[in-house]
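S.K.: Predicted model follows, preceded by the sequence.
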Amino acid sequence: MDVMGILIGSGLGFVLGIVASVIATLVTNRHFSVEGRIERQIMKIINKALKKCGGRKKIGFNKKKFKQGIVVWQDQVKLFLEIIDESPDAIYKIAPQMFAIDKFLHNYTQHEMELYKKFSDIFVEHFLKRFCNKDREVYLLYATAVNKHANLLYDDALEYASKALEMEKSDSIARAAILSLMGSVHNDQGEHDKALEWHHKALAIKEKILGKEHPDTATTYNNIALVYDNQDEYGKALEWYYKALAIYEKILGMEHKNTATTYNNIAAVYDNQGEYDKALEWYNKSLAIKEKILGTEHPSTANTYNNIAVVYHSQGKYDKALEWYNKDLAISEKALGKEHPSTATTYNNIAAVCRQQGEYDKALELYLQSYKVCMEKLGAIHPNTLITIENMEIAFGKAGIEQSFDEWLAENTT
């Protein structure tokens, strides 16, 4: 479990764009003449949204990264139009996973993210009017809610999910996906009783439609376990995680990514309980699968390196903790970049080890790196930013620097 955890994303184009490689095999390309017509219609909506945001220059259309974004919107919105008609249930299974591999928008400043958010909201509004029948509109509202959730905009996520729920009244996979999303949002808000209520509603539908031994049903068991874990009800958390695991191992096999994720989640519970040997046992089971199916340079593999490091850190085995943190850092910097919030988390974790080893100057250097990323990408009031400031102030107090912390911080961040 990360000492700090981040999930962030923005823009409907990336709701659609990120998943292109995953779902390309599900669709059949239309004839060029039809695609050309759709492309022109999409471009009209893009231009209208840009104009309402203050024009191309204000939104940053002239910058390479925004041009890349516009291209994604043009190409992948067309893909969406085909998939939603041909395989709509696949959309609901894929959407929650999209942001796990999204790193493109982390190069944006906070101001650029705000402009892009405005642009995406306007685009969604006009896209709904032009292209969406009821089924398409439900998906688009759901996908936008997933996007808002990933961007930590919880109230917005609930608003879009509620709209989708109002339209999808019958028990269906779509309704179950929306209910699950609402449960996850409430969980992230710390509203655990509400989270359990929504997850159990989703579970009732999935057990009815899919049965109790379907992998999608197991995913809801996993979601319920996560809520109990966050409530520190570790016994109940393990009970639900083991229910999910039994299904994954039976239906998907011992080397599937969902099995690996559940091993990871069980390990996190044991870690939280202070049962470090059990935590390491389960983390290593997860790691063996990830290294085999994803490779040693995948961000998800890096996350498990981090989790193992956290256990050694908690045990006071600082050399081993640094070994695993540095393995995580090497992948994160390469795969996500030095200015990604997840990389900032690793800077923070390594700094904490340095601080506890009495290497205060090195700790402050790493805390500063983490702080700068958090400030730019997440903002001043984000929990990860506040945690980094608190940790940095502790190290500063130990370093014996003869000036105030605020003066030192201002001097080193201007």
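M.R.: Now that the structure is in, tell me what you want to look at.

S.K.: quick one: contacts for Thr261?
M.R.: Thr261 makes contacts with 222, 286, as judged by Cβ atoms under 8 Å, 6 or more residues apart in numbering. C-beta coordinates here come from the backbone N, C-alpha and C atoms, glycine included.

S.K.: can you check Ala218 too?
M.R.: If you count contacts by Cβ under 8 Å, 6+ apart, Ala218 has them with 243-245, 247-248, 251, 258.

S.K.: what do you get if the cut-off is 7 Å, keeping everything else the same?
M.R.: Shown in contact with Ala218 (Cβ atoms under 7 Å, 6 or more residues apart in numbering): 244, 247-248.

S.K.: Let me have the residues you listed in CSV, extended by secondary structure.
M.R.: Written out in CSV, the entries for the contacts of Ala218 read as follows (DSSP: H, G, I helix; E, B strand; the rest coil):
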residue, secondary structure
Ala244, helix
Ile247, helix
Tyr248, helix
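
S.K.: Just put these in JSON lines and tack on distance to Ser332, neighbour count and pLDDT.
M.R.: As requested, those are exported to JSON lines (distance: Cβ to Cβ, whole Å; neighbours: other Cβ atoms under 10 Å; pLDDT from 0 to 100):
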{"residue": "Ala244", "distance to Ser332": "27", "neighbour count": "25", "pLDDT": "96"}
{"residue": "Ile247", "distance to Ser332": "31", "neighbour count": "23", "pLDDT": "96"}
{"residue": "Tyr248", "distance to Ser332": "27", "neighbour count": "23", "pLDDT": "95"}
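
S.K.: Quickly name whichever of these is closest to Ser184.
M.R.: Using Cβ to Cβ, Ala244 comes nearest to Ser184 of these, at 15.0 Å.

S.K.: pretty sure the closest one contacts Ile224?
M.R.: No - checked against Cβ atoms under 7 Å, the pair Ala244 and Ile224 is beyond contact range at 8.8 Å.

S.K.: follow-up on the earlier one: now flag whichever of the contacts of Ala218 is closest to Ala237.
M.R.: Ala244 (10.9 Å).

S.K.: do you know how far the closest one is from Asn187?
M.R.: Counting by Cβ to Cβ, to the nearest Å, the separation of Ala244 from Asn187 is 16 Å.

S.K.: what about Asn264, distance to Tyr318?
M.R.: 23 Å.

S.K.: Among the two, which residue is more densely surrounded?
M.R.: The residue with more neighbours, out of Asn264 and Tyr318, is Asn264; 22 against 16, by other Cβ atoms under 10 Å.

S.K.: Would you map the helices across the stretch 251-400 of the chain?
M.R.: Counting by DSSP state H, counting those that start in this stretch, the stretch 251-400 of the chain has these helices, from start to end: 257-272, 276-293, 299-314, 318-335, 341-356, 360-377, 383-399.

S.K.: now Ile173: how far from Ala145?
M.R.: Applying Cβ to Cβ, one obtains 16 Å for the distance of Ile173 from Ala145.

S.K.: my guess is Leu364 contacts Ala395, does it?
M.R.: Yes - counting by Cβ under 7 Å, Leu364 does reach Ala395; the two are 5.3 Å apart.

S.K.: on that earlier part again, between the contacts of Ala218, which is nearest Lys292?
M.R.: Tyr248 (15.8 Å).

S.K.: and the gap between the closest one and Glu207?
M.R.: Counting by Cβ to Cβ - Tyr248 and Glu207 are separated by 16 Å.

S.K.: Repeat that for Lys290.
M.R.: Distance check for Lys290 against Glu207: by Cβ to Cβ, it reads 29 Å.

S.K.: Can you pick out the residue with more neighbours from these two?
M.R.: Lys290 (24 against 15).

S.K.: tell me the contacts of the closest residue to the more buried one other than its chain neighbours?
M.R.: In space, and not counting its chain neighbours, Lys290 is closest to Thr301: 4.5 Å by Cβ to Cβ, 6 or more residues apart in numbering. Contacts here follow Cβ under 7 Å, 6+ apart; on that basis Thr301 touches 290-291, 294-295, 331.

S.K.: Recalculate using a threshold of 6 Å.
M.R.: By Cβ atoms under 6 Å, 6 or more residues apart in numbering, the residues touching Thr301 are 290-291, 294.

S.K.: What's the per-residue pLDDT of it here?
M.R.: The score at Thr301 is 92. That number is its pLDDT.

S.K.: Over to the one 10 residues further on?
M.R.: In this prediction, Val311 carries a pLDDT score of 96.

S.K.: Tell me, how many residues neighbour it?
M.R.: 24.

S.K.: quick one: it from Met392, how far?
M.R.: Taken as Cβ to Cβ, the spacing of Val311 relative to Met392 amounts to 24 Å.

S.K.: Same question for Asn265.
M.R.: Asn265 sits 30 Å away from Met392 when distances are taken as Cβ to Cβ.

S.K.: One more: Lys398?
M.R.: When distance is defined by Cβ to Cβ, Lys398 is 11 Å away from Met392.

S.K.: Then Glu365?
M.R.: Glu365 sits 10 Å away from Met392 when distances are taken as Cβ to Cβ.

S.K.: before we move on, what about Leu287?
M.R.: Per Cβ to Cβ, Leu287 is found 30 Å from Met392.

S.K.: Report the mean per-residue pLDDT for stretch 200-212.
M.R.: Confidence for stretch 200-212, expressed as mean pLDDT, is 96.

S.K.: Ignore what I typed, I meant stretch 371-386.
M.R.: For stretch 371-386, mean pLDDT rounds to 86.
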